[in-house]
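A.B. asks: Provided below for reference: sequence and predicted model.
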Amino acid sequence: MRKVALESAVITHGLPRPTNLEVARECDAAVREAGAEPATIAIVGGRVRLGLSDDELVALAEDTAARKCAVQDIGMIVTRGERGGMTVSAMLAIAAGAGIAVASTGGIGGVHYGSFDVSADLLQMTRSAVTLVCAGAKSILNLPGTLEVLETLGVPVIGYGTDEFPGFFYADTGLPLRHRLDTPAEVATV
């Protein structure tokens, strides 16, 4: 059975409790309904885990001391024996190393307004041979800047059933995409 990688920072840092656990369980169920195996990626007890039991999901969702883990943090959190919720960048790095070809998240990081802060998510997309399915970049970010950086980095951004770059909470951003696909078969072929 094919695996779908799921990020876990949304569980540890992205959503309030108990919604975080409810959403994690719903994501697992949606992946199973689609005929794949969910592989929520997290650090538990200083070990990188690909796929969590329900008890482990509960512990991760309830742990207020869990660290937010981007790709550059993996080694430190593992070394310290801590628990960590993986951001998109960390999830992609681990998924690629494990041979998982598809990953899913709610929204990616991106370019922040008024600073040089650019999420590691964007660069990691160039380093990981993983198809990432998401609802676009988080809407609080500089969406035109994020789309431009993705283009500069050579990351193919494909609208599934849309001609616009989505803004996480909303589909209509006014930012046109170069590519659109309308079927799962087309996406798999690309």
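C.D. replies: Yep, it's here.
A.B. asks: did I read that right, Glu148 in a helix?
C.D. replies: Yes. Under DSSP: H, G, I helix; E, B strand; the rest coil, Glu148 sits within a helix.
A.B. asks: which residue sits closest to it in space, ignoring its chain neighbours?
C.D. replies: Val111 (7.8 Å; Cβ to Cβ, 6 or more residues apart in numbering). In short, each C-beta sits where N, CA and C put it, glycine included.
A.B. asks: and the longest strand along the chain, what's buried?
C.D. replies: With residue count as the measure and DSSP state E as the assignment, the chain has strand 37-44 as its longest strand. Residues of strand 37-44 classed as buried: Pro38, Ala39, Thr40, Ile41, Ala42, Ile43, Val44 (neighbour count, 16 or more other Cβ atoms under 10 Å).
A.B. asks: now do the strands in the protein.
C.D. replies: Counting by DSSP E, the strands of the chain are 3-6, 37-44, 47-50, 67-69, 84-86, 102-104, 131-133, 158-160, 179-181.
A.B. asks: a markdown table for these, including distance to Cys27 and mean pLDDT?
C.D. replies: Below are the strands of the chain laid out as a markdown table (distance: least, Cβ to Cβ, whole Å; pLDDT from 0 to 100):
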| stretch | distance to Cys27 | mean pLDDT |
| --- | --- | --- |
| strand 3-6 | 6 | 98 |
| strand 37-44 | 7 | 98 |
| strand 47-50 | 15 | 97 |
| strand 67-69 | 18 | 97 |
| strand 84-86 | 13 | 98 |
| strand 102-104 | 7 | 97 |
| strand 131-133 | 11 | 95 |
| strand 158-160 | 17 | 96 |
| strand 179-181 | 22 | 97 |
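A.B. asks: save those strands as a markdown table, and put in distance to Val78 too.
C.D. replies: As requested, the strands of the chain are exported to a markdown table (distance: least, Cβ to Cβ, whole Å):
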| stretch | distance to Val78 |
| --- | --- |
| strand 3-6 | 18 |
| strand 37-44 | 6 |
| strand 47-50 | 7 |
| strand 67-69 | 9 |
| strand 84-86 | 8 |
| strand 102-104 | 20 |
| strand 131-133 | 23 |
| strand 158-160 | 33 |
| strand 179-181 | 37 |
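A.B. asks: mind listing the helices for this protein?
C.D. replies: For the chain, applying DSSP state H gives helices covering 9, 19-33, 54-62, 74-79, 88-97, 120-127, 143-153, 184-189.
A.B. asks: for these, give me JSON lines that also has mean neighbour count and distance to Lys68.
C.D. replies: Shown next, in JSON lines, are the helices of the chain (neighbours: other Cβ atoms under 10 Å; distance: least, Cβ to Cβ, whole Å):
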{"stretch": "helix 9", "mean neighbour count": "25", "distance to Lys68": "5"}
{"stretch": "helix 19-33", "mean neighbour count": "16", "distance to Lys68": "13"}
{"stretch": "helix 54-62", "mean neighbour count": "16", "distance to Lys68": "12"}
{"stretch": "helix 74-79", "mean neighbour count": "14", "distance to Lys68": "9"}
{"stretch": "helix 88-97", "mean neighbour count": "25", "distance to Lys68": "9"}
{"stretch": "helix 120-127", "mean neighbour count": "19", "distance to Lys68": "12"}
{"stretch": "helix 143-153", "mean neighbour count": "17", "distance to Lys68": "19"}
{"stretch": "helix 184-189", "mean neighbour count": "11", "distance to Lys68": "29"}
